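In: After the sequence you'll find the predicted model.
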Amino acid sequence: MNKKIILIIIIAVGLVIAGIFVFHGINTEKPKNVQGQEKIVINEEGMLFDLAEKAMVSGDLIKARSVYQNIVEKFPASGKIAKAQSALEDINIRILFSDIPVKDSEIYTVEKGDNLTKIAKKFGTTPDLIMSSNKLKSSSIQIGKKLKVNTAKFSIVVDKSQNILTLKSGQEIIKTYHVSTGKNSCTPVGAFKVVNKIIDPPWYKEPGVVIPAGDPKNVLGSRWIGISKPSYGIHGTTQPESIGQSVTEGCVRMRNAEVEELYILIPEGTEVVITD
């Protein structure tokens with residue numbers, strides 16, 4: 001065979017072999033980069049969780065909330081997202097019940113003629129929340145006393161398909177609660193308002209039949225939050241095992257401890273939107 005032809009063949013084979021090595025080199029580098037990026041993400045997420053937990057231990061709820069909010073926004077597909085979201089919601093409630101000043105609050109100086117009901121109405125909050133956030137042991141207040149007063153405008157959204165009640169401040173989710181709604185989708189859909197609130201409510205099961213609070217047959221639990229749809233409301237329960245199911249006669253049912261929490265937070269007039 002001609003030496004030129006042999007040389008051409010050798011060069012061609014060499015180029016093919018070199019191309020194979022280059023191809024494999026490129027393919028093996030990409031997974032390494034992806035793995036490296038995943039490792040960086042996992043490390044960053046872990047560092048943020050550590051930072052949030054340290055802030056909690058030190059009592060810095062504002063910093064802890066900020067870090068957990070960062071985790072929720074940056075790692076929505078994380079396997080730990082539920083843990084971060086739950087921690088964030090618990091901190092939201094703790095801050096509301098504390099004297100920590102935040103953007104949706106005001107430090108108010110008590111004036112002559114003031115009482116908690118008057119102050120609460122002025123700022124669209126509840127006397128109970130003012131008492132809780134200022135650690136007041138009674139409703140008695142002195143002129144000149146400084147009080148943290150919540151100014152957030154709360155709203156409630158009930159999703160019947162998920163049996164979830166969401167407490168919001170503007171567009172911000174404050175906390176989500178598992179609830180029970182009506183069997184056969186009988187819970188009314190629409191936009192309503194909170195019209196009354198009752199501690200230890202009696203149950204008017206049917207005309208002429210009143211079951212008092214504390215009676216085992218009274219299914220309303222420890223709180224009633226009535227809405228502008230007559231006879232419907234959000235209430236506690238004597239059957240906590242039913243939470244998460246569609247089993248009520250149309251009302252929204254919550255665990256007693258959770259409806260008591262909600263009762264303190266929301267004033268009459270709060271919007272309640274119920275969706276399918």
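Out: Now that the structure is in, tell me what you want to look at. Residues are numbered from 1 along each chain as shown.

In: so where's the stretch 151-276 of the chain shaky on pLDDT?
Out: Judged against pLDDT under 70, the stretch 151-276 of the chain has no low-scoring part.

In: the helices in it, which residues?
Out: For the stretch 151-276 of the chain, the helices defined by DSSP state H, counting those that start in this stretch occupy 256-265.

In: List the residues that contact the most centrally placed residue in the chain.
Out: With distances taken as CA atoms, centre = their mean, Lys175 lies nearest the centre of the chain, 2.2 Å away. By CB atoms under 8 Å, 6 or more residues apart in numbering, Lys175 lies in contact with Glu89, Asp90, Asn92, Ile93, Thr166, Leu167. Using the backbone N, CA and C atoms, a C-beta is placed for each residue, glycine as well.

In: ok, now with 7 Å
Out: Residues near Lys175 by CB atoms under 7 Å, 6 or more residues apart in numbering: Glu89, Asn92, Ile93, Leu167.

In: same deal with Pro212?
Out: By CB under 7 Å, 6+ apart, the contact list for Pro212 reads Pro202, Asn218.

In: Okay, strands next: where are they in the stretch 101-250 of the chain?
Out: Secondary structure of the stretch 101-250 of the chain (DSSP state E, counting those that start in this stretch): strands at 105-109, 146-150, 154-159, 164-169, 172-178, 181-182, 190-199, 203-206, 209-211, 223-227, 233-235, 246-248.

In: among the ones you listed, which is nearest Glu53?
Out: Among the strands of the stretch 101-250 of the chain, strand 172-178 comes nearest to Glu53, with 20.0 Å by CB to CB.

In: buried stuff in that closest one?
Out: By 16 or more other CB atoms under 10 Å, the buried positions in strand 172-178 come out as Ile173, Ile174, Lys175, Thr176, Tyr177.

In: The residues you listed into a markdown table, with extra columns for distance to Ile143?
Out: Output for these, formatted as a markdown table (distance: CB to CB, whole Å):
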| residue | distance to Ile143 |
| --- | --- |
| Ile173 | 38 |
| Ile174 | 32 |
| Lys175 | 35 |
| Thr176 | 40 |
| Tyr177 | 38 |
